[in-house]
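Visitor: Following is a predicted model, sequence given first.
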Number of protein chains: 2
Amino acid sequence: MPAPRKFTREQLRTVALAMVDEQGLAALTMRSLASALGTGAMTIYNYVDGREGLEQLVTEAVMAEARWDDVTGEWSEAVTAVAVGMWRAVRAHPHAIPLILTRRSLDPSTLATAEALLGALAHSGRSGTDLLIAFRLVTGFITGSAQSELAGPLAEGHGDDPDAATGRVRSLSSERFPHLIAIARAATASDPEIEFRTGLRIILTGLAA
Amino acid sequence: MPAPRKFTREQLRTVALAMVDEQGLAALTMRSLASALGTGAMTIYNYVDGREGLEQLVTEAVMAEARWDDVTGEWSEAVTAVAVGMWRAVRAHPHAIPLILTRRSLDPSTLATAEALLGALAHSGRSGTDLLIAFRLVTGFITGSAQSELAGPLAEGHGDDPDAATGRVRSLSSERFPHLIAIARAATASDPEIEFRTGLRIILTGLAA
DNA sequence: ACCTGAACACCGTTCAAGT
DNA sequence: ACCTGAACACCGTTCAAGT
């Protein structure tokens, strides 16, 4: 993709994310992004590597919003700072979550966030495979939490009404699925960030042992 | 969807999963499944609620393969048994992972697995919100691990050549991204199941504290 | 060098007609 | 009741022609 001119990649990123935020993932197509920019569909191919590249654009835009304060204290506090920063960025764009779950990118923002998280985790004394495991543990929890919150405790994939799914869980046999019903109820009344931090603390306790 | 006859839902599930396993996710369409079954596309609508329902079919088929032994000892061993069972089922169908990450279903297999995991976790003394958090922690780790393994440590989304992505990570500045390079190297030489069990043990340690 | 319309080979789904 | 072909309104992408 040698130096294009009519737009910048940054412009495409911004418009693409706005479309996903406002109209959902299905509304983002080569053609819809093009017409939002006032051009023909084929122009997009000068900035992005096909449909796949279009989706990476959205992932990049979300990760670029991750912010955290540099912490100088305990390693566990540094991990928490980065993890909460990532989680907030992801959570701010619920429609983009399926993309973030499945596509990884190597853009500068994603790399910087990953390296920061790894640096904090490395201060627990880990390296090599153990560091890799710790990294997957934390990132899996971040994306898993965001996704769970979006989908409801055991909601069906895409229903825009999470309460309907909760209702469906509640209508199950309480003899066969007592715990499922209990957590479906618990999920409706809770502060997401407190939940997230509580889960993270459990991981950190495990990592410190 | 009142009692259809030409096929069973079970048949559709089996054929759909086989197509995804052999030809990838993109190869599964209403039309392709129909012609694999020797009918017209519209027949599928008698068994499944549109494209969304088609994808749920695959999720169900994967979860239906989860197996574990009932454990009578420590709660942490029971959690491990169910978690490893889930992880193995998911890992056996790498092309279906994006679906499992994003669509939740309420079919009997998924419900039974979730309830079993919750039952084991409840024996740690948790209930309500704390049980919900523990559940998300474990399931997020299961799906996150399967996905990470598929995608490589920080690979680009869909490249069928994970080594290429690892190479790309390695070509980064070792001053700017030292830890990223280190874990990319560690990821190439490791036993996935040992890694998974190690990560799970860290979670269980945190949950026991 | 970058841009872009036309055309192609697909999709999912509605509808109306079959049995 | 269940089945299904035709038709519609979309997709992503190739190609060839513009500047």
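Guide: Arrived safely, thanks for sending. Note that the structure is predicted; figures quoted are calculated from it, not measured.
Visitor: Now do the buried residues in the helix of greatest length in chain A.
Guide: In chain A, taking DSSP state H as the definition, the longest helix is helix A:128-151. Under the neighbour-count criterion of 16 or more other Cβ atoms under 10 Å in any protein chain shown, helix A:128-151 has A:129-151 buried. Yep, even glycine has a C-beta here, placed from its N, CA and C like the rest.
Visitor: Can you tell me the closest non-neighbouring residue to A:Gly85?
Guide: In space, and not counting its chain neighbours, A:Gly85 is closest to A:Trp68: 3.4 Å by Cβ to Cβ, 6 or more residues apart in numbering or on different chains.
Visitor: Can you give me every residue that contacts the most centrally placed residue in chain A?
Guide: Most central in chain A under Cα atoms, centre = their mean is A:Val90, positioned 3.7 Å from the mean C-alpha point. Taking Cβ atoms under 8 Å, 6 or more residues apart in numbering or on different chains, we find A:Val90 in contact with A:Val62, A:Ala96, A:Ile97, A:Ile100, A:Ile142, A:Thr143, A:Ala146.
Visitor: what packs against the longest helix of chain A?
Guide: Applying 3 or more Cβ pairs under 8 Å, 6 or more residues apart in numbering or on different chains; DSSP states H and E, one finds that helix A:128-151 contacts helix A:75-91, helix A:97-102, helix A:108-122, helix A:192-208, helix B:128-151, helix B:178-188, helix B:192-208.
Visitor: Format those as JSON lines; extra columns: distance to DNA strand D and mean pLDDT.
Guide: Below are the helices and strands packed on helix A:128-151 laid out as JSON lines (distance: least, Cβ to the nearest atom of the strand, whole Å; pLDDT from 0 to 100):
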{"stretch": "helix A:75-91", "distance to DNA strand D": "23", "mean pLDDT": "97"}
{"stretch": "helix A:97-102", "distance to DNA strand D": "13", "mean pLDDT": "94"}
{"stretch": "helix A:108-122", "distance to DNA strand D": "22", "mean pLDDT": "96"}
{"stretch": "helix A:192-208", "distance to DNA strand D": "32", "mean pLDDT": "96"}
{"stretch": "helix B:128-151", "distance to DNA strand D": "19", "mean pLDDT": "91"}
{"stretch": "helix B:178-188", "distance to DNA strand D": "27", "mean pLDDT": "90"}
{"stretch": "helix B:192-208", "distance to DNA strand D": "30", "mean pLDDT": "96"}
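Visitor: Nearest to B:Ser76, out of those?
Guide: B:Ser76 sits nearest to helix B:192-208 of all these, at 4.5 Å, using Cβ to Cβ.
Visitor: now the closest one against helix A:192-208, angle please.
Guide: Per axes from the mean of the first three to the mean of the last three Cα atoms, to 10 degrees, the angle that helix B:192-208 makes with helix A:192-208 is 110 degrees.
Visitor: Run through who's touching helix B:192-208.
Guide: Contact with helix B:192-208 is made by A:129-130, A:132-134, A:136-137, A:201-207, A:209, B:76, B:79-80, B:83-84, B:87, B:91, B:121, B:124, B:126, B:134, B:137-138, B:141, B:145, B:149, as judged by Cβ under 8 Å, 6+ apart.
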